[in-house]
Structure formats: C-alpha cells, structure tokens
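Peer 1: here's a sequence, model it:
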Amino acid sequence: MTFTPTKYDLQLTIDFDEQTFTGRAQIHVSVTDPVKEVNLKISKDLEVERVSFWQAEHVYRGNPHLLGITSNFVVDKENNSVHFRLEHEINAESIKEEGYIEVEYKGKFGGSGEVDGLHHVEGITYEAKLNPDNVITLLPILEDIPVPLRVSVVTPYRAGVELNIPAGEHGSVYNTDLFANRFTTEEESALISGLELRITAPTALVLD
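Peer 2: Numbers count the residues shown, from 1 in each chain. Reported below is the predicted structural model:
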C-alpha cells in the first residue's frame, strides 16, 4: 500500500454529564509514492469536526518544527468514511522527519446492550471492546495493522480508567480540573482494533 500508518496516537476526553466524548486521533504515516488525497474509515455515528495534516516545516537542532494545514473534507456516511485533499502533495522525502493526519471529532455514549463504540455496561461504568468490525466506532483509521499505540483518556479526577495496554505517565491537564490517564505500547506494535477500554465515573468523596 502507498500510504500506511506507523503509529496511532489517540486522545479521548470524557464528559460523563453529557454522555459524550471528544476525540483527537493522530495517525502517523509513511508513504512510498506521492499522495494528494486521503480516505479514512470512520463510523457515521461519529461527528468529524476538523481534519489536518502535520509535517516538519524545518528541522532545528535535530528537532522537527511541525506545521499543520487544515483540509476541507467530505464525510460519506453511507460508506463510513471521510475523504480529504491535502494542500500539498506529500512524498517520502517531505515527511521523512514527521508526518501525521489529525482528526478531531465527537461521539456519544451507547446504551446498555450495545456492543459498538463506548457504551454503558453497568452502574456508572462504560467500556469499548474493539474488533476489526467496530474499531471505527471509536476512532478513525487508515488501515488496521500492528503499529505502536499511545492512548490518553482525559477524565475528571477520581474516575477509573483501564486499558489492555501498559500504563504510561498519568498527570494533571494544565490549567484544568481534568486528569490524563496515559497508556502506551512504547515501540511494541499492536492492533488498534484489539484495544479494550473500561472507564468508571467518579463518585462523590465522603469524609468521615
């Protein structure tokens, strides 16, 4: 394939009150032939808000300075996809330092008994058990192949978050009352369609 993912970097910000989540998926890519147009797979139930492509404008002291250009996009709900044209054609040389697609989107929690996306299971607990057929109900994908994964689930403090990949460095989100629960496979590759997520809403802190 001309255009392939090399890493998936996903951030989900959870709103328990509204029963919604905001997603930001970064799909790092490599190319063998020049690419001008891109098709991503994404469920018709997710609302795409912004699509952009980021690459190194220049390299300073060994660090790439990234520039992101927003693209116009067309959502094809019938085929569960989004199509967009890049502002400039990319090739292996132009993204040798860095290149990734960034998609910002929103989704809603599913109800009890549902099996796709992030859905209610019991009490104040929700989960997503992905597979090759339903992975696009949680995030957009280019291709489902083993690559390094990084996932950040942003929640209020005291929420419970479990993933089936190793935990990274958790921490506060600057200038907010939110907490980032981070997980990563580091350099190990895994299928994004094998991801399992379980979250529990925080309960009121009762002091004796």
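Peer 1: contacts and neighbour counts: CA atoms only from here.
Peer 2: Noted.
Peer 1: where does pLDDT dip in this structure?
Peer 2: Filtered on pLDDT under 70, the chain yields the residue ranges 1, 57-65, 204-208.
Peer 1: rerun that using 80 as the cut-off
Peer 2: The model of the chain has pLDDT under 80 over residues 1, 56-67, 204-208.
Peer 1: now residue 86: closest residue in space, sequence neighbours ignored.
Peer 2: Distances taken as C-alpha to C-alpha, 6 or more residues apart in numbering put residue 36 closest to residue 86, at 5.4 Å, once the chain neighbours are dropped.
Peer 1: helix or strand for the one you found, which one?
Peer 2: In this structure, residue 36 sits in strand 35-41 according to DSSP states H and E.
Peer 1: quick one: contacts of that strand?
Peer 2: 2-3, 80-91, 136, 140-142 (C-alpha atoms under 8 Å, 6 or more residues apart in numbering).
Peer 1: make it 6 Å
Peer 2: For strand 35-41, the surrounding residues in contact (C-alpha atoms under 6 Å, 6 or more residues apart in numbering) are 80-86, 89-90, 140-142.
Peer 1: most surrounded residue in these?
Peer 2: Neighbour counts for those, by other C-alpha atoms under 10 Å, peak at residue 140, which reaches 28 neighbours.
Peer 1: what number of residues lie near the closest residue to that residue other than its chain neighbours?
Peer 2: Counting by C-alpha to C-alpha, 6+ apart, residue 42 is the residue found nearest to residue 140 once chain neighbours are left out, at 4.5 Å. Residues contacting residue 42 under the criterion other C-alpha under 10 Å number 25.
Peer 1: name the next helix or strand following the one helix or strand residue 6 maps to along the chain.
Peer 2: According to DSSP H and E, residue 6 maps onto strand 3-15. Per DSSP H and E, the first helix or strand lying C-terminal to strand 3-15 is strand 20-31.
Peer 1: ok, that following strand: who's next to it in the sheet?
Peer 2: strand 3-15 (antiparallel), strand 99-108 (antiparallel) (DSSP bridges).
Peer 1: between these, which one is closest to residue 149.
Peer 2: strand 3-15 (5.1 Å; C-alpha to C-alpha).
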